[in-house]
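# A structural model of the following input is requested.
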Amino acid sequence: MNLYIKTTALPSPSMNQILIFVLLTLICGIGLSFGLHTMLVGHSTTFGTTREVPWGLLITPYVFFACMSTGLCIISTLGQVFGVKTLQPLVTRAVFLSIISMAAGLLSITLELESPWRVAFFALFSPQPFSNIWWKTTIYSFFMVLMVCNFLLLLIGRNKSAMAFAAVAFVAVTVGNLNMNTDMAILGSRGFWSENYMPLYFLSLSVLTGCAAILLLNWFSSIFNKQKLLSHEEAALQATGRLFFVLLLAILYFTVVKAMGGFFPQFTNNPEAMALLVKGYFAQNFWIGEVGLAVIVPLFLIIITKGKNLFALAVASFSCLIGVFVLFYHLVIVGQLIPHFQNYHVVGLPQYYSYSPSLHEIMISVGAIFFFLAAFIFGEILFKKMYSLDHSNLRVS
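Purely as a prediction, here's the structure:
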């Protein structure tokens, strides 16, 4: 069987492109160096977490990138496995982005752990099937292997073999994502994370961030490589934009449900946390970040441009990603600030616990984010010829 691929010669990376990659890598290295310093001196001296609030800022990029990776995998699977032809031009880049986003998330959670090397050892030699964390670690590690194999097979044109890995990866990461809230809910049985809608909420957010990443980064890629998008690529992005719009409406619904929980206690399992989020200390971040940036601004931009302007879709996606990052920070932090036994009126118990990210947590998060950006630019430099393949020019004989 011979595979014929029609391609066009593409120029080597320019000096500006290389400088951008070097700058992003440098910032990533500076941020991650704070993680190495933390391992040397101890988390207790560098992190803002406490016994009462054991999970801090670093869980946010972990959840953010893990959900983004899930969404990117689902979108690539629609074109690769389920045969949605309109999305097929996005498959190869989406698979690569899924890999590096999961890598960024796992990097963040690794540096959050005080002894990360124990995870691999005990997960392999002392597995605990009744541990939700063990399952999540195993699933995401298995997912990474599957997606790397999928990507490599796509690069050499073994599309049918790649499809098999993509299908298994899709099942694995979807199961892991639907169970994402359970990891958080077991932390002191915090009701803030045990709402009935949470599994569907996480899955919707995942596909939403996946759509946003594809719209933003594909648009940026055309600017970075100084190449005009082909007609089938524009059609794929506009189709992604329509899916993005539908998911924004779904997240708007969930956001309204959360807001109702803040104003009407009977609608939520943890009214104290919802009130703190919606009308308390975090209210400004909630209304500007979760409501404004994550939902209202993107919806407005898509509606006024009818989803046909790729620049507007890119701006909407950027706004949405910032808002969703704020959203995930709230999901991680706010529920922990409610004392476990606040309903029992314990003497001397504060109304709320407190938490502020330390410099080390902020810089490690910056390092994880810039790791993703540097890896994206690296992919644009190294694999852009494969990204640009028109699938209509693939034929097997």
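
# what residues are up against the closest residue to residue 209 other than its chain neighbours?
Closest residue to residue 209 apart from its sequence neighbours, by CB to CB, 6 or more residues apart in numbering: residue 68 at 4.3 Å. Glycine gets a C-beta too; all of them are placed from N, C-alpha and C. Neighbouring residues of residue 68 by CB atoms under 8 Å, 6 or more residues apart in numbering: 101, 105, 206, 209-210, 213.

# report the rounded mean pLDDT for the host helix or strand of residue 151.
For residue 151, the host element (DSSP states H and E) is helix 132-155. When pLDDT is averaged over helix 132-155, the result is 89.

# packing partners of that helix?
For helix 132-155, the elements it packs on are helix 59-80, helix 91-112, helix 117-125, helix 159-178, helix 180-185, helix 359-387, judged by 3 or more CB pairs under 8 Å, 6 or more residues apart in numbering; DSSP states H and E.

# isn't residue 262 right up against residue 272?
No - using CB atoms under 8 Å, residue 262 is not in contact with residue 272, being 10.0 Å away.

# the longest helix seen in the chain: what's the following helix or strand?
Taking DSSP state H as the criterion, the chain has its longest helix at helix 231-263. Counting by DSSP H and E, the next helix or strand C-terminal to helix 231-263 is helix 271-278.

# who wins for proximity to residue 226 among the helices and strands packed on helix 132-155?
For residue 226, the closest of these is helix 359-387, at 11.2 Å, according to CB to CB.

# so which bits of the closest one are buried?
Neighbour-count burial for helix 359-387, counted by 16 or more other CB atoms under 10 Å, picks out 360-361, 363-377, 379-381, 383-384, 386-387.

# same check on stretch 207-224?
Within stretch 207-224, judged by 16+ other CB under 10 Å, the buried ones are 207-222, 224.

# so which of those belong to strands?
Secondary structure assignment (DSSP state E) places none of the buried residues of stretch 207-224 within strands.

# any weak-confidence spans in the stretch 101-250 of the chain?
The stretch 101-250 of the chain contains residues with pLDDT under 70 at 181, 184-192, 194.

# still on that earlier bit, can you list the contacts of residue 68 in CSV and add distance to residue 353?
Output for the contacts of residue 68, formatted as CSV (distance: CB to CB, whole Å):
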residue, distance to residue 353
101, 31
105, 26
206, 29
209, 28
210, 33
213, 33
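
# what's the closest of those to residue 289?
Nearest to residue 289 among the contacts of residue 68: residue 209, at 14.1 Å, using CB to CB.

# I'd say the closest one and residue 63 touch.
No - the pair residue 209 / residue 63 is not scored as a contact, 10.3 Å apart, by CB under 8 Å.

# about what we covered before: as PDB, could you dump the C-alpha coordinates of the helix holding residue 151?
Taking Å, rounded to 0.1, in the frame of the first residue of the first chain, the C-alpha atoms of helix 132-155 are listed here in PDB:
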ATOM      1  CA  ASN A 132     -10.300   8.100  42.700                       C
ATOM      2  CA  ILE A 133      -7.000   9.900  42.500                       C
ATOM      3  CA  TRP A 134      -5.200   6.700  41.400                       C
ATOM      4  CA  TRP A 135      -7.800   6.200  38.700                       C
ATOM      5  CA  LYS A 136      -7.400   9.800  37.500                       C
ATOM      6  CA  THR A 137      -3.600   9.500  37.400                       C
ATOM      7  CA  THR A 138      -3.700   6.200  35.600                       C
ATOM      8  CA  ILE A 139      -6.300   7.400  33.000                       C
ATOM      9  CA  TYR A 140      -4.500  10.600  32.200                       C
ATOM     10  CA  SER A 141      -1.200   8.900  31.900                       C
ATOM     11  CA  PHE A 142      -2.700   6.200  29.600                       C
ATOM     12  CA  PHE A 143      -4.400   9.000  27.600                       C
ATOM     13  CA  MET A 144      -1.100  10.700  27.000                       C
ATOM     14  CA  VAL A 145       0.400   7.500  25.600                       C
ATOM     15  CA  LEU A 146      -2.600   7.000  23.300                       C
ATOM     16  CA  MET A 147      -2.600  10.500  22.000                       C
ATOM     17  CA  VAL A 148       1.200  10.500  21.300                       C
ATOM     18  CA  CYS A 149       0.700   7.300  19.300                       C
ATOM     19  CA  ASN A 150      -2.200   8.800  17.600                       C
ATOM     20  CA  PHE A 151      -0.200  11.900  16.600                       C
ATOM     21  CA  LEU A 152       2.800  10.000  15.400                       C
ATOM     22  CA  LEU A 153       0.600   7.700  13.200                       C
ATOM     23  CA  LEU A 154      -1.100  10.800  11.800                       C
ATOM     24  CA  LEU A 155       2.300  12.200  10.800                       C
END
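
# centre of the chain to that helix, how far?
Computed by CA atoms, centre = their mean, to the nearest Å, the chain-centroid distance of helix 132-155 equals 15 Å.

# and the angle for it with helix 159-178?
Counting by axes from the mean of the first three to the mean of the last three CA atoms, to 10 degrees, helix 132-155 lies at 160 degrees to helix 159-178.

# flag every buried residue along helix 132-155.
By neighbour count on 16+ other CB under 10 Å, the buried set for helix 132-155 is 134-141, 143-144, 146-151, 153-155.

# give me the angle between that helix and helix 91-112.
Using the same axes, to 10 degrees, helix 132-155 lies at 150 degrees relative to helix 91-112.

# run through who's touching helix 132-155.
66, 69, 73, 91-92, 95-96, 98-99, 102-103, 105-106, 119, 123, 127-129, 159, 161-162, 165-166, 168-169, 172-173, 175-176, 179-180, 182-183, 186, 383, 386.

# swap in stretch 113-130?
So stretch 113-130 is contacted by 39, 42-43, 110, 134-135, 137-138, 141 (CB under 8 Å, 6+ apart).
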